[in-house]
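K.L.:
Whatever this is, show me its structure:
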Amino acid sequence: MKPLFLLLLLFTSLARADEIGSQYKKQAEAGDARAQYYLADTYFSSGDSKQAAQWAEKAAKGGDVDAMGLLSQILFTQGDYPHAKALAQQATIAGSKRGAIMLARVLVNTEAGKTDYPQAIRLLETATEDIDNDSAVDAQMLLGLIYANGVDVVQDDVKAASWLKRSSALSRTGYAEYWAGMLFQQGEKGFITPNKQKALYWLNLSCTEGFDTGCEEFDALSGQ
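P.N.:
Here you go, the predicted model:
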């Protein structure tokens, strides 16, 4: 099971080619900051954090605020929470939805220090408003997880299901519910404690929504 940082990337548009990021490489090498960001994001999605960080740093220096959000995400996955939070704050102030989502992630993770769920929820609710932005999918997903988890907020499966369904509507029906189930199955340090019953609940909902992989994982977990 991938932790949340990779879960959130699964909703980002991934450009694939024979060579990773080849469709962005020429423009990126020519100094196009947005192309550098897309290239960095593609490297990160493929698991190459070193290349991702190098290109994200170039993009950030070129003025791409989402690149700061990506750098925050990379640092977060490496356990460098203070720098991840600082970059997420800078990106959020600069108007990056990706930065706002990363700041919310830091604020709900006990590994990063004292949590602030009210602020995290405000950040995510704002990020959900722009449904044309891929980040809305991730923001809705994280909101769903927060309410499904019920830590420092009242557990509300109805509200959680609503946010997850909205996320799935922008990606694929039943997809967000599936990942919620998988995350509750495996857990995420500092955020979600493994919970088989919750995992079954969300995987079953994913299956009901018609996501076949959700059905497969539900059946597999039910038999354990």
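K.L.:
Show me the shaky parts of the protein.
P.N.:
1-18 (pLDDT under 70).
K.L.:
For the strand or helix carrying residue 69, which outside residues touch it?
P.N.:
Using DSSP states H and E, residue 69 falls within helix 65-77. Helix 65-77 is contacted from outside by 3, 5, 8, 33, 36-37, 40-41, 44, 49, 52-53, 56-57, 59-60, 81, 83-85, 87-88, 90-91, 94-103, 105-106, 112, using Cβ atoms under 8 Å, 6 or more residues apart in numbering. C-beta here means a position set from N, CA and C on the backbone, and glycine is covered the same way.
K.L.:
filter those to the buried ones?
P.N.:
3, 8, 33, 36-37, 40-41, 44, 49, 52-53, 56-57, 59-60, 81, 84-85, 87-88, 90-91, 96-103, 105-106, 112 (16 or more other Cβ atoms under 10 Å).
K.L.:
These in helices, which ones?
P.N.:
Per DSSP state H, helices hold the following members of the buried ones among the contacts of helix 65-77: 8, 33, 36-37, 40-41, 44, 49, 52-53, 56-57, 59-60, 81, 84-85, 87-88, 90-91, 97-103, 105-106.
K.L.:
nearest spatial neighbour of residue 38, skipping sequence neighbours?
P.N.:
residue 24 (4.7 Å; Cβ to Cβ, 6 or more residues apart in numbering).
K.L.:
What of residue 49?
P.N.:
The nearest residue in space to residue 49 (Cβ to Cβ, 6+ apart) is residue 74, at 5.5 Å.
K.L.:
Could you do residue 63 as well?
P.N.:
residue 33 (5.6 Å).
K.L.:
Next, the contact list for the one you found, please.
P.N.:
58-59, 62-64, 67.
K.L.:
do that again at 7 Å, thanks
P.N.:
59, 62-64 (Cβ atoms under 7 Å, 6 or more residues apart in numbering).
K.L.:
what distance separates the helix holding residue 69 from the centre of its chain?
P.N.:
11 Å (Cα atoms, centre = their mean, to the nearest Å).
K.L.:
Could you figure out how far it is turned away from helix 49-61?
P.N.:
150 degrees (axes from the mean of the first three to the mean of the last three Cα atoms, to 10 degrees).
K.L.:
how far off helix 97-107 does helix 65-77 point, in degrees?
P.N.:
Using the same axes, to 10 degrees: helix 65-77 against helix 97-107 is 20 degrees.
K.L.:
when you give positions from now on, start the count at 730
P.N.:
Got it, first residue is 730 now, which makes that one helix 794-806.
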